[in-house]
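Novice: return atomic coordinates for the entry below.
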Amino acid sequence: MTTTKRVTLAQRPSGLPDDSTWATEEVDLPAPADGEFLVKIDHISLDPAMRGWLNDVRSYLPPVQIGEVMRASGTGTVVESNHPDFAAGDAVTGTLGVTEYAISNGDGVQKIDTSLVGPATWLGALGMPGLTAYHGLHEVGEMKEGDIVVISAAAGAVGSVAGQLAKAKGCTVIGIAGGAEKCAWLKEIGFDEAIDYKSENVLKRLREVAPKGVDIYFDNVGGDILDAALANLRRGARVIICGAVSTYNDEKLAPGPKRYMSLLVFRAKMQGFLVFDYPEKDAAAIADMSELISSGKLVARETVVEGGVEKFGETLLGLFEGRNTGKLVLKVA
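Specialist: Residues are numbered from 1 along each chain as shown. Next comes the predicted model:
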């Protein structure tokens with residue numbers, strides 16, 4: 001029997017989650033049954049989508065229920081197995097939850113090669129954020145060489161990978177991020193331009209750096225920045241709706257886009273998507289991005305916070321306060 005500490009949903013938050021949102025409990029896990037294995041978690045992924053999973057509304061995944069272990073992707077090592085496809089010592093990643101140990105039957109869990117990159121990168125550039133960037137650009141954005149690509153939240157887990165993928169494809173890439181330090185980093189990793197939404201007028205700056213308009217806008221934030229991008233489209237533009245982190249903690253529905261008629265004027269399209277939409281393309285995408293990492297054309301960056309699972313709630317708030325550059329990960333001590 002294994003004792004594990006885990007974080008459960010104590011009550012649904014209104015606005016930003018706080019200490020009252022979470023409960024930390026210690027429980028004993030039974031030995032793995034036939035077809036199951038036990039994983040010791042070493043890294044837990046922090047993602048903006050987690051905020052949406054706390055709301056009791058219909059969505060692409062059912063909400064986390066009161067008393068349930070908080071849903072989260074993670075990496076770890078198999079320590080005991082009664083599953084034919086997983087052996088003790090295997091490094092794995094999957095939706096394992098905010099917990100020190102987890103029992104799995106293998107659904108949604110895959111083995112990973114940590115000799116290629118560290119576990120945290122399997123939650124970032126080679127995990128859900130990297131696949132989100134890859135599929136968004138290729139499948140929804142129909143990216144091609146020469147496109148002018150604008151990305152919001154460009155210094156985050158998805159945005160930083162998306163920008164580098166677009167640059168590797170031969171596109172002109174403009175990133176929108178918060179703060180001079182993040183904008184400087186974007187230039188370091190190959191972005192052609194970086195707009196600081198905290199100190200610059202995004203609408204005006206987009207017209208200056210992309211006077212001919214934008215072919216692809218990869219939206220991670222919604223709100224006023226989405227409107228600024230819609231005002232600067234090019235004929236045939238593709239607007240990729242990946243997220244709207246600026247609105248996730250709003251207690252009332254945010255106003256819709258004011259400049260949506262640009263879609264008509266410029267014969268553009270705006271489409272939402274989920275990373276889960278293209279499972280048959282995941283392996284090829286990971287292989288492609290692995291090669292880019294090996295060649296130095298894709299820099300995988302993680303902000304790693306060390307601590308126990310009880311530090312999850314505090315670490316999650318960092319996403320909404322802009323504390324991370326690249327992927328935010330909790331390393332379980």
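Novice: now the residue positioned nearest the centre of the chain: which helix or strand?
Specialist: Nearest residue to the geometric centre of the chain (Cα atoms, centre = their mean): Pro129, 3.8 Å. Remark: Pro129 resides in helix 128-135, with elements defined by DSSP states H and E.
Novice: residues making contact with that helix?
Specialist: 45, 47, 73, 123-124, 156-159, 161-162, 165, 218, 242, 273, 275, 277-278, 281-282, 285-286, 288-289, 300, 327 (Cβ atoms under 8 Å, 6 or more residues apart in numbering). (Each C-beta comes from the backbone N, C-alpha and C, glycine too.)
Novice: of those residues, buried ones?
Specialist: Buried members of the contacts of helix 128-135, counted by 16 or more other Cβ atoms under 10 Å: 45, 47, 73, 123-124, 156-159, 161-162, 165, 218, 242, 273, 275, 278, 282, 285-286, 288-289, 300, 327.
Novice: one step back: any idea how far the helix holding Pro129 is from the middle of the chain?
Specialist: 8 Å (Cα atoms, centre = their mean, to the nearest Å).
Novice: I'd like the next helix or strand past that helix.
Specialist: Counting by DSSP H and E, the element after helix 128-135 in chain order, helix or strand, is strand 148-151.
Novice: what about Ala157, distance to Thr325?
Specialist: 9 Å (Cβ to Cβ, to the nearest Å).
Novice: pretty sure Val214 contacts Arg238?
Specialist: No - using Cβ atoms under 8 Å, Val214 is not in contact with Arg238; the gap is 9.4 Å.
Novice: give the helix, strand or coil label for the residue nearest to Ser14 when sequence neighbours are not counted.
Specialist: Distances taken as Cβ to Cβ, 6 or more residues apart in numbering place Glu251 nearest to Ser14, at 5.9 Å, with adjacent residues excluded. The three-state label given to Glu251 by DSSP: H, G, I helix; E, B strand; the rest coil is coil.
Novice: check Glu251 and give its pLDDT.
Specialist: The pLDDT attached to Glu251 in the predicted structure is 78.
Novice: keep only those of the buried ones among the contacts of helix 128-135 that are in helices.
Specialist: Ala157, Val158, Gly159, Val161, Ala162, Leu165, Asp282, Ala285, Ile286, Asp288, Met289 (DSSP state H).
Novice: and these, which two are furthest apart?
Specialist: Using Cβ to Cβ, these reach their maximum pairwise distance at Gly159 and Asp282, which is 19.7 Å.
Novice: mind checking the end-to-end distance for stretch 52-61?
Specialist: From its first residue to its last, stretch 52-61 covers 10 Å (Cα to Cα, to the nearest Å).
Novice: in that stretch, which residues are buried?
Specialist: Neighbour-count burial for stretch 52-61 flags Gly52, Trp53, Leu54 (criterion: 16+ other Cβ under 10 Å).
Novice: repeat for stretch 265-273
Specialist: Phe266, Ala268, Met270, Phe273.
Novice: verify the stated contact: Tyr60 with Phe273.
Specialist: No - between Tyr60 and Phe273 there is no contact under Cβ under 8 Å: 10.3 Å.
Novice: count of residues packed around Ala194?
Specialist: A count of nearby residues for Ala194, using other Cβ atoms under 10 Å, gives 24.
Novice: separation between it and Ile174?
Specialist: 7 Å.
Novice: ok, Cys242 next?
Specialist: Per Cβ to Cβ, Cys242 is found 16 Å from Ile174.
Novice: strands of the stretch 201-333 of the chain, residue ranges please.
Specialist: Remark: strands assigned in the stretch 201-333 of the chain by DSSP state E, counting those that start in this stretch are 214-219, 233-241, 269-272, 302-307, 327-332.
Novice: angle of the last one against strand 302-307?
Specialist: Put plainly, it is strand 327-332. 30 degrees (axes from the mean of the first three to the mean of the last three Cα atoms, to 10 degrees).
Novice: residue ranges of each domain in the chain, please.
Specialist: 2-124+301-332, 128-276 (automatic domain parsing).
Novice: now Lys167. Nearest residue, chain neighbours left out?
Specialist: Gly190 (4.5 Å).
Novice: wouldn't that neighbour be in contact with Cys171 here?
Specialist: No - in this structure, Gly190 is not within contact of Cys171 by Cβ under 8 Å, at 10.6 Å.
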